[in-house]
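>>> Sequence and predicted model, in that order:
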Amino acid sequence: MGLLGSVSSSSSLIAIILVLNVVALCNGGMTSTFVRKVEKTIDMPLDSDVFKVPAGYNAPQQVHITQGDHVGNAVIVSWVTVDEPGSSTVIYWSENSKEKKQAKGKVLTYEFYNYKSGYIHHTTIRKLKFNTKYYYVVGIGHTPRKFWFITPPEVGPDVPYTFGLIGDLGQTFDSNRTLAHYEQNPQKGKTVLFLGDLSYADHYPNQDNVRWDTWGRFIERSVAYQPWIWTAGNHEIILPPKLASNSTAPFWYSIKRASAYIIVLASYSAYGKYTLQYTWLEQELPKVNRTETPWLIVLLHSPWYNSYNYHYMEGETMRVMFEAWFVRYKVDVVFAGHVHAYERSERVSNVAYNIVNGICTPVKDQSAPVYITIGDGGNIEGLATNMTEPQPAYSAYREASFGHAIFDIKNRTHAYFSWHRNQDGYAVEADKLWFFNRYWNPVDESK
Ligand SMILES: [Fe+2]
């Protein structure tokens, strides 16, 4: 073979490699072509109606509830009074009972630079009946305000339950659209799984904590009536000068709710080997009984599978530590925030690498979770529009729009997921997927 032949062979080889590369790199999922109006996201002004201070002397504001025990028959009620401490008592009663009960809590304050907090009350109501509507009143002795919530059904394998998903919400006009969209969604969410980055108060000089108060008043219309389950984000990393709460409570925890076991991880607390979070998770995962709670859901802030140029690979160190466990214990879905856009992965894992074998490409894996980034609540930092190209194979769908999602568990085998962009009508599903439970029905959803 002459020189020409060699060149020709090399060219063919290069051409084949190029073709293979194109095949290898371009078999990703869908990058949405949805066109949105490009607008600056700005915080709503302090005198916005959604930040309105409730009328009356020492009226409770920023009223919010969250789950108060592991299985859902306790609720923590929190609120702020500003004129004086007032009462930390909650009066509550079930819809079909006239007997009023009381629970007493505690009050605390803190200072931060030149900011002085109001009186922050936390009161836990215990021994509630499952699946029951309760009314509750706070502001006893001054300006009572009445709210209600519905406790979840008793934990069990086929109990249907509908979760809402919101991340990186902030307090812009877009944030308000996201919350309104969630409230108006005909698939009524009963509990919000919040993926971290709450108020974005740290956008302001001295992390102006007045913007925590406005945020608390903004979300009260939802969170006073249904629990929000909190994940901590990077905008919750509070640096000194002075916090009076001295909290040592960890930001990682788990709850059961209906047929779901929800593990909340802390992307900004230590998770290396032998750390508290590592050993906690190592002991927690074997405790999950899929016969009792078939759906194993993990919440964290910084996504592991993210193909946007924002926060690219920030979740990588945690992925390296924990991904093999998620595959071993067949986690159904991992929800994250942080990246201000939407993305859904294929069921993939990347756990074969052992330093010397070079096997470090995500592969389809039916024991792996689906990873969903839902950091698109609408905060002041704006949308993440810049994506890595070409779309990697692990990415099934991605779109830079603000919105929220719903995870609607039907029974032990099926759950329906939908993502809703703010520009659409309330019932429109911009992305959707039937989830098949990894323990009871581990078949490929994408087929
Ligand atoms: Fe974040």
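The structure has been received and is ready for your questions.

>>> only C-alpha atoms for contact and neighbour calcs from this point on.
Noted.

>>> list the contacts for Gln187?
Gln187 sits next to Thr162, Ile406, Ala427 when contact means C-alpha atoms under 8 Å, 6 or more residues apart in numbering.

>>> thinking the last one is in contact with Lys188, fair?
No - in this structure, Ala427 sits apart from Lys188 without contact. The criterion is C-alpha atoms under 8 Å, and the distance is 10.7 Å.

>>> what does the stretch 101-250 of the chain put close to the ion?
Asn234 (C-alpha under 5 Å from the ion).

>>> which residue does the protein bring closest to the ion?
For the chain, the residue closest to the ion is His338, as judged by C-alpha to the ion, at 3.5 Å.

>>> isn't that residue right up against Pro303?
Yes - with contact taken as C-alpha under 8 Å, His338 and Pro303 are classed as touching, separated by 7.2 Å.

>>> Identify the contacts common to those two.
Joint contacts of His338 and Pro303 (C-alpha under 8 Å, 6+ apart) are Thr373.

>>> so where do the strands sit in the stretch 201-350 of the chain?
228-230, 253-257, 260-264, 295-299, 333-336, 342-345, 348-349 (DSSP state E, counting those that start in this stretch).

>>> what is Gln136 paired to in the beta sheet?
Not Gln; residue 136 is Tyr. Note on Tyr136: beta-bridge partners by DSSP bridges are Tyr92, Phe147.

>>> need the contact list for it.
Tyr136 neighbours (C-alpha under 8 Å, 6+ apart): Val90, Ile91, Tyr92, Trp93, Lys146, Phe147, Trp148.

>>> Now the fifth one: closest residue in space that isn't a chain neighbour?
What it means is Lys146. Val137 (4.4 Å; C-alpha to C-alpha, 6 or more residues apart in numbering).

>>> How about the fourth one?
Among residues not flanking Trp93 along the chain, Lys100 sits closest, at 4.9 Å (C-alpha to C-alpha, 6+ apart).

>>> Tell me, how many residues neighbour the one you found?
11 (other C-alpha atoms under 10 Å).

>>> Dihedrals phi and psi, it?
For Lys100, the backbone dihedrals are phi -90, psi 130 (criterion: degrees, to the nearest 10).

>>> For it, give me its contacts.
The contact partners of Lys100, by C-alpha under 8 Å, 6+ apart, come to Ile91, Tyr92, Trp93.

>>> Which of those residues ranks first by neighbour count?
Among these, Tyr92 has the most neighbours (other C-alpha under 10 Å), with 21 neighbours.

>>> Among the strands of the stretch 201-350 of the chain, which comes closest to Thr279?
strand 253-257 (12.3 Å; C-alpha to C-alpha).

>>> For the closest one, report the contacting residues that lie outside it.
69-72, 152-155, 261-265, 293.

>>> one step back: and which of the contacts of Tyr136 is nearest Lys330?
Nearest to Lys330 out of those is Trp148 (C-alpha to C-alpha; 36.0 Å).

>>> So which bits of stretch 347-363 are buried?
Arg347, Val348, Ser349, Asn350, Val351, Pro362, Val363 (16 or more other C-alpha atoms under 10 Å).

>>> Show me which of the residues you listed is closest to Val370.
Nearest member of these to Val370, counting by C-alpha to C-alpha, is Arg347, at 4.9 Å.

>>> got the contact list for the closest one?
Here Arg347 is in contact with Lys364, Asp365, Gln366, Ser367, Ala368, Pro369, Val370, Tyr371, Tyr394 (C-alpha under 8 Å, 6+ apart).

>>> Let's see which of these end up in helices.
The helices, defined by DSSP state H, take in nothing from these.

>>> What subset of those residues is buried?
For these, a neighbour count by 16+ other C-alpha under 10 Å gives the buried set as Gln366, Ser367, Ala368, Pro369, Val370, Tyr371, Tyr394.

>>> Great, nothing more from me.
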